[in-house]
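Q: Got a predicted structure plus its sequence, pasted below:
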Amino acid sequence: MPGNLLAQFLGGDGAARFPTYPVLNLMAVGQRHGNIRGVVMPVEVRLCKKYMKLAVKEALRNLEETHGGPFGACIVREERILSVARNTVLKQDATSHAEINAIRDASKKLKTFDLSGCVIYSTTEPCPMCFGAIHWAKIDALVYGTSISEVKMRGFNELTIANSVMKRLGKSQVKIFPHFLRDECRQLLEKWDSLEKKCLY
């Protein structure tokens, strides 16, 4: 990709810098989507939305087939989609969270455990196991939608340790961008709530 395409955006003086990463320029995470203070979002953020929506779409499959909870993940490197996966815990593997499945698929495709230069998009904040795997896989950045506490309150057996806390205590280099497309990701949970037959784990 070309260099920093964002240059100058917003801010009190009309200029504010946003972080740049090897794969995507991730900006305005947690802000309103589509248009920020009247400024059209640059292509990098539109791509971020595309990748998160792929994760959401994959997670929706569990509302029909119920192989796991309403969780999806997508891993991208340099605009190349390496994997899109959903939670499949109910297929008798407690470790088959969406992020773990996505990491396994991406590593298999690249024939390496080292996913440096990748960004993972997760519909919900990863659990401690998944954040640990993201760190060990050397993934550069994590973008997630809803928080782990929103999942815990629905009865899932979560350890409510925020990724930001794990990053700080473990001195991880993973960049974290929370609450991206949070409303769309929350709709996943609300649709799950409405299911008559579902299995919490």
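A: Cool, got the structure. Treat the numbers as computed from the prediction; the structure is a model and nothing was measured.
Q: which outside residues touch stretch 128-136?
A: Under the criterion C-beta atoms under 8 Å, 6 or more residues apart in numbering, residues 95, 97-100, 103, 113, 120, 122, 126, 142, 159, 161, 163, 166-167, 170, 172-174 lie in contact with stretch 128-136. (Each C-beta comes from the backbone N, C-alpha and C, glycine too.)
Q: Buried only: go through those residues for me.
A: 97-100, 103, 120, 122, 126, 142, 163, 166-167, 172, 174 (16 or more other C-beta atoms under 10 Å).
Q: Counting by contacts, list what the lengthiest helix in the chain packs against.
A: Scanning the chain for the helix with the most residues, using DSSP state H, yields helix 43-60. Contact partners of helix 43-60 among helices and strands, from 3 or more C-beta pairs under 8 Å, 6 or more residues apart in numbering; DSSP states H and E: strand 72-77, strand 80-86, helix 98-110, strand 118-124, strand 141-146, helix 182-194.
Q: Check the buried ones among the contacts of stretch 128-136 against residue 52 and report the nearest one.
A: Of all the buried ones among the contacts of stretch 128-136, residue 52 sits closest to residue 122, with 8.6 Å by C-beta to C-beta.
Q: wait, isn't the closest one in contact with residue 97?
A: No. Counting by C-beta atoms under 8 Å, residue 122 stays clear of residue 97, with 9.2 Å between them.
Q: Now do the shared contacts for these two.
A: 71, 130.
Q: Just confirm residue 119 contacts residue 143, I think it does.
A: Yes. Residue 119 lies in contact with residue 143 (C-beta under 8 Å); the separation is 6.4 Å.
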